[in-house]
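**Q** Need a 3D model of the following:
(one chain, ligands or ions: 2)
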Amino acid sequence: MKNEYSIFELLKTKPVGTSMTLSGWVRTFRSNRFIALNDGSTAKNLQCVVDFESFDESLLKRITTGACIRVSGKIAESLGKGQPIELMVESLEILGDSDPEKYPLQPKKHSLEFLREIAHLRSRTTTFGAIFRVRHHLAYAIHQYFNENGFFYVHTPVITGSDAEGAGELFNVSVLDKKNIPFTDSGEVDYSRDFFGKEANLTVSGQLEAELLALGLGKVYTFGPTFRAENSNTARHLAEFWMIEPEMAFYDLRENMDLAESFLKYIIRYTLTHAEEDLSILGQRLTDEDASKPVDQRAMPLLDKLKFVTENDFQRITYTEAIDILLNSPFHKKKKFNFPVEWGMDLQSEHERYLVEKHFKSPVIITDYPAAIKAFYMRLNDDEKTVRAMDILVPGIGEIVGGSQREERYDVLLDRIKQFGIAEESLWWYLDTRRFGTCPHSGFGLGFERLVQFVTGMSNIRDVIPFPRTPGNCEF
Ligand code: ATP
Ligand code: MN
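**A** Ligands and ions are numbered 1, 2, ... in the order given. The predicted structure is shown next:
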């Protein structure tokens, strides 16, 4: 039953003269003669030629856009211009009909918004086929990079009992009877009677657990789902997203940055070689979309942008330098920023975009942020005002990576935990690693969908994950 050859392989090897059977979905059927057949293995269709006189009229009628068919025949050199080879159909079977009056995907251009509403079918379009194949190649390249560089793939829990990560709003995991919630004397929900005997949530990051493993295994990484109940509804936030989090013993901040930069370049280079056709399609889509914009708002063509990233050094500046650049910028002088610029503030996305898109026109790594705006586990600098954090910002997206050298000194870490108002007991296991054989170590988190956005040029994060979870949306 399964296809012996994929259309991807056929178009590559062009086995003229070979007989075969092949299944796929009909993209179009024109002149009662040419079927454009797609099997998902490539954006390209295989042209299947039917001699309509040898087939029943009633069968031909069922060859409609969206229908699933199985064809047998011989591969021949194509006389037409559009394709090198075609399949001369000898027999044809309908596996699944598709009523052309009702099938939502017509052979025309649909808006991305409309396609989001039919996410169960959108992987059958050229654009989404390309995006999801690129997504696959990126995931594969990530594992390959780490494997080649001596990292171990570890699995951190999805359900966590620690609420101290502080990276975002939590999704509570509870089996308490909603109609009869137990309360403590002080009027709080009594989680001691819940499934785990304590409050539990979906993880916002696997970092703390990855750190524990790095302090035993040396170099590790996680690649798993994370959950944040952020009600922000932006084009770059999901409630459920995938994150890659390497943690490395004995790495300082500079080594952490070097790793992140070489890692990003490697996976983008890998995808440029293994998904060139899909990236060209997505590049063309972006160019078409940009054509309606004023010239100064158009993005660099996708493939040029990706090559630029693989071939050039990322800019590296401190937070303090970034603030100076912003303060001296014509944008600031003309009061074009919505949020005021001053040392100590969190960089808003308008500031990040100014730095990467207008000032540097390249990926930028910003380090040494004010301690007050970063997490408790980042290593405090000697100035006691800044921490060894590093964020990587890229054009079009803003922050794609957030990382740091971790605080390995027990006393300093304990101070920071207290300053953040976190209950020390809840992190006893984390603190233990600083009491027993602590060492300098570092790591970062890469949001997988932000990476896929950057590489595919898609402006909305809902379009780079098959079934997005966002506020008010949990369909499919
Ligand atoms: P942002 O400021 O953009 O909300 P963050 O500072 O909350 O990001 P971190 O906690 O450092 O992000 O998470 C590490 C990485 O995870 C980010 O660099 C980003 O790539 C990704 N990320 C964070 N939140 C989301 C989200 N809601 N949806 C998708 N990716 C996310
Ligand atoms: Mn956030």
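**Q** Surely residue 70 is within a strand?
**A** Yes: assessed by DSSP: H, G, I helix; E, B strand; the rest coil, residue 70 belongs to a strand.
**Q** Quickly note the distance from it to residue 103.
**A** 19 Å (CB to CB, to the nearest Å). From N, CA and C alone the C-beta is placed, and that goes for glycine too.
**Q** mind listing the helices for this protein?
**A** 7-13, 57-61, 112-117, 126-148, 207-217, 253-274, 276-290, 302-311, 319-327, 330-333, 349-353, 410-419, 428-435, 448-456 (DSSP state H).
**Q** Quick one: mean pLDDT for the fifth one?
**A** For helix 207-217, the mean pLDDT works out to 97.
**Q** Ok, which of the helices of the chain comes nearest ligand 1?
**A** helix 448-456 (4.0 Å; CB to the nearest ligand atom).
**Q** Extract the C-alpha set from that closest one and format it as CSV.
**A** Coordinates of each C-alpha in helix 448-456 appear next as CSV, following Å, rounded to 0.1, in the frame of the first residue of the first chain:
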residue,chain,number,x,y,z
PHE,A,448,11.9,27.1,18.7
GLU,A,449,9.0,28.8,17.1
ARG,A,450,10.8,32.2,17.1
LEU,A,451,13.6,30.4,15.3
VAL,A,452,11.2,28.9,12.7
GLN,A,453,9.7,32.4,12.3
PHE,A,454,13.1,33.8,11.6
VAL,A,455,14.1,31.1,9.1
THR,A,456,10.8,31.0,7.2
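**Q** Compute the inter-axis angle for it and helix 276-290.
**A** 80 degrees (axes from the mean of the first three to the mean of the last three CA atoms, to 10 degrees).
**Q** Alongside ligand 1, which residues does the stretch 101-250 of the chain contribute?
**A** Residues of the stretch 101-250 of the chain lying near ligand 1 by CB under 6 Å from any ligand atom: 167, 168, 228, 230, 237, 238, 241, 243.
**Q** Need these in CSV (columns: pLDDT and neighbour count).
**A** Formatted as CSV, those follow (pLDDT from 0 to 100; neighbours: other CB atoms under 10 Å):
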residue, pLDDT, neighbour count
167, 63, 17
168, 70, 16
228, 94, 20
230, 86, 16
237, 95, 19
238, 97, 22
241, 98, 20
243, 98, 22
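**Q** how far away is the residue lying farthest from the centre of the chain from residue 259?
**A** Distance from the C-alpha centroid of the chain peaks at residue 53, with 49.0 Å (CA atoms, centre = their mean). Separation of residue 53 from residue 259 (CB to CB): 64 Å.
**Q** try residue 4
**A** Counting by CB to CB, the gap from residue 4 to residue 259 is 42 Å.
**Q** When those two are compared, which one has more neighbours?
**A** More crowded of residue 4 and residue 259, by other CB atoms under 10 Å: residue 259, with 21 against 10.
**Q** got the contact list for the more buried one?
**A** 246, 248, 251 (CB atoms under 8 Å, 6 or more residues apart in numbering).
**Q** What of residue 344?
**A** Counting by CB under 8 Å, 6+ apart, residue 344 has contacts 370, 372, 373.
**Q** now, which of those sits nearest ligand 1?
**A** Among the contacts of residue 344, and counting by CB to the nearest ligand atom, the member closest to ligand 1 is residue 373, at 9.8 Å.
**Q** Contacts only, for that closest one.
**A** With CB under 8 Å, 6+ apart, residue 373 has these contacts: 344, 345, 346.
**Q** Okay, buried residues for stretch 27-37 please.
**A** For stretch 27-37, a neighbour-count test (16 or more other CB atoms under 10 Å) marks 27, 29, 34, 35, 36, 37 as buried.
**Q** Any chance of these in JSON lines with pLDDT and distance to ligand 1 as columns?
**A** Putting the buried residues of stretch 27-37 into JSON lines (pLDDT from 0 to 100; distance: CB to the nearest ligand atom, whole Å) gives the following:
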{"residue": "27", "pLDDT": "96", "distance to ligand 1": "32"}
{"residue": "29", "pLDDT": "96", "distance to ligand 1": "40"}
{"residue": "34", "pLDDT": "96", "distance to ligand 1": "42"}
{"residue": "35", "pLDDT": "97", "distance to ligand 1": "40"}
{"residue": "36", "pLDDT": "97", "distance to ligand 1": "35"}
{"residue": "37", "pLDDT": "98", "distance to ligand 1": "36"}
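**Q** any idea which of those residues is the one closest to residue 204?
**A** Distance to residue 204 across these (CB to CB) is lowest for residue 27, with 41.1 Å.
**Q** residues contacting the nearest residue to the closest one once chain neighbours are set aside?
**A** Excluding the flanking residues, the one nearest residue 27 by CB to CB, 6 or more residues apart in numbering is residue 36, at 4.2 Å. The neighbours of residue 36, taking CB under 8 Å, 6+ apart as the test, are 26, 27, 28, 29, 45, 46, 47.
**Q** repeat that for 7 Å
**A** 27, 28, 45, 47 (CB atoms under 7 Å, 6 or more residues apart in numbering).
**Q** And residue 388, by the same measure?
**A** Residue 388 neighbours (CB under 7 Å, 6+ apart): 253, 368, 378, 379, 381, 404, 405.
**Q** what's the answer for residue 7, then?
**A** 24, 38, 39, 41, 42, 44, 46.
**Q** As CSV, the residues you listed with distance to residue 292 would be great.
**A** Below are the contacts of residue 7 laid out as CSV (distance: CB to CB, whole Å):
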residue, distance to residue 292
24, 33
38, 28
39, 33
41, 32
42, 29
44, 27
46, 33
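**Q** Where strands are concerned, which of these count?
**A** Secondary structure from DSSP state E places 24, 38, 46 of these in strands.
**Q** could you measure the first one against residue 160, distance?
**A** Read it as residue 24. 43 Å.
**Q** Of the two, which one has the most company?
**A** Each of residue 24 and residue 160 has its neighbours counted (other CB under 10 Å); residue 24 has more, 24 against 21.
**Q** nearest residue to that one other than its sequence neighbours?
**A** residue 39 (3.8 Å).
**Q** Identify, from the contacts of residue 7, the entry nearest to residue 17.
**A** Using CB to CB, the contacts of residue 7 come closest to residue 17 at residue 46, 15.6 Å.
**Q** Now do the same contact list for that closest one.
**A** Contacts of residue 46 (CB under 7 Å, 6+ apart): 7, 10, 37, 87.
**Q** ditto for residue 59
**A** By CB under 7 Å, 6+ apart, the neighbours of residue 59 are residue 92.
**Q** The contacts of residue 373 into CSV, with extra columns for pLDDT and distance to residue 289?
**A** Shown next, in CSV, are the contacts of residue 373 (pLDDT from 0 to 100; distance: CB to CB, whole Å):
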residue, pLDDT, distance to residue 289
344, 96, 38
345, 96, 33
346, 95, 31
